[in-house]
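Visitor: coordinates only, no sequence provided:
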Ligand code: NAD
């Protein structure tokens, strides 16, 4: 298996789970991180997915059965300030990977898409057929890749499954690998950090059209998410096709409920400052996961909000830092 973005949050946990399931793994990322070197069982190649020639060389020599494509930029808010960067890395970067796959006859791809492709929807829970009206360039950059994947299947028989993640959160089950984006924009790690350090937590928007006025999201434990990838890989390899699946639980939690659960788990006070809405945030994103449950038999088993937050809290207290900098160089 070739994992792009394997030095990141989800990619590093996925790499370890693939290794535990006896897959040979080659990791590609533009930065190194300690977790990949610590497990030391995956081959690591430091390269930028925008470099098609290097990808062709790597795919030709490794000949992976499938590619799991996590590499990309992930902040919806940042994408509203730097749309050119998001279309370049997420869309052009994916096109570069697809081109290299075509050139080397690499035929199976699992793509990290996002619930951001839907934007503000008229009905929740959201099925895969709902209208796609992204509210930020990030969501649009993912939707454009999905469109390419559908065409690459129809015209070239490059098989792919696009998995539309809702809100991945939590850590590996041993608490050693978890979420630590730079900068972090996700509520659970930010609220845990504020609780741990006794600093103020900023809640963006309390005037949404939701039951308590804060945004509602569908949180999926990262281990359940990785399990869905394993099942998607098996399914795609046995039945070549292009398809899209939501990956969520079907249950939504408001930001205020997240804050209450963070207080409960950490047993700490959290000082909350209400700020204006953040650009690009949809009010409510809740998956209808029926399709993946029926097609793959997947179901989440770790995704109760309290279990997710306990797992993220364990990582916050004992996990290694991703993208650790040592002596000025990334290791
Ligand atoms: P992350 O930032 O932790 O990991 C992404 C990795 O991609 C990083 O290690 C980064 O160095 C690498 N990368 C970025 N640009 C690259 C390039 N040009 N060439 C090579 N490597 C590059 O993010 P994550 O949370 O692990 O997300 C993984 C994927 O899942 C992303 O595609 C993201 O859009 C998607 N996703 C994430 C979430 C979430 O909440 N974390 C939600 C929906 C979708």
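Guide: Cool, got the structure. Bear in mind the structure is a predicted one, so any value in this text is a computation, not a measurement.

Visitor: near the ligand, which residues of this structure?
Guide: 5, 7-11, 29-31, 48-50, 70-72, 74, 89, 93, 112, 114, 165, 167-168, 181, 186 (Cβ under 6 Å from any ligand atom). To be clear about C-beta, it is placed using only N, CA and C from the backbone, and glycine gets the same treatment.

Visitor: quick check: residue 163 is in a strand.
Guide: Yes: according to DSSP: H, G, I helix; E, B strand; the rest coil, residue 163 belongs to a strand.

Visitor: re earlier: which of the residues of the chain next to the ligand count as buried?
Guide: 5, 7-11, 29-30, 49-50, 70-72, 74, 89, 93, 112, 114, 165, 167-168, 186 (16 or more other Cβ atoms under 10 Å).

Visitor: among the residues of the chain next to the ligand, name the ones in helices.
Guide: 9, 10, 11, 93 (DSSP state H).

Visitor: surely the last one and residue 71 touch.
Guide: Yes: the pair residue 93 and residue 71 qualifies as a contact (Cβ atoms under 8 Å) at a distance of 6.5 Å.

Visitor: any common contacting residues for these two?
Guide: residue 49 (Cβ atoms under 8 Å, 6 or more residues apart in numbering).

Visitor: so what's the residue in the stretch 1-150 of the chain that the ligand sits nearest to closest to, chain neighbours aside?
Guide: Closest residue of the stretch 1-150 of the chain to the ligand, Cβ to the nearest ligand atom: residue 8 (1.9 Å). Leaving aside its sequence neighbours, residue 8 sits nearest to residue 70 (Cβ to Cβ, 6 or more residues apart in numbering; 6.1 Å).

Visitor: what are the buried residues along stretch 250-263?
Guide: Buried, per 16+ other Cβ under 10 Å, within stretch 250-263: 250-259, 261-263.

Visitor: point out where the stretch 201-331 of the chain drops to low pLDDT.
Guide: In the predicted model of the stretch 201-331 of the chain, residues 319-331 satisfy pLDDT under 70.

Visitor: for the residue of the stretch 1-150 of the chain closest to the ligand, grab phi and psi.
Guide: phi -90, psi -170 (degrees, to the nearest 10).

Visitor: now the helices for the chain?
Guide: 9-20, 34-39, 52-62, 76-81, 83-86, 93-104, 137-156, 187-197, 222-238, 255-266, 290-296, 305-318.

Visitor: distance to residue 127 added to the ones you listed, as TSV?
Guide: Converted to TSV, the helices of the chain look like this (distance: least, Cβ to Cβ, whole Å):
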stretch	distance to residue 127
helix 9-20	23
helix 34-39	35
helix 52-62	34
helix 76-81	22
helix 83-86	26
helix 93-104	24
helix 137-156	15
helix 187-197	25
helix 222-238	17
helix 255-266	24
helix 290-296	7
helix 305-318	23
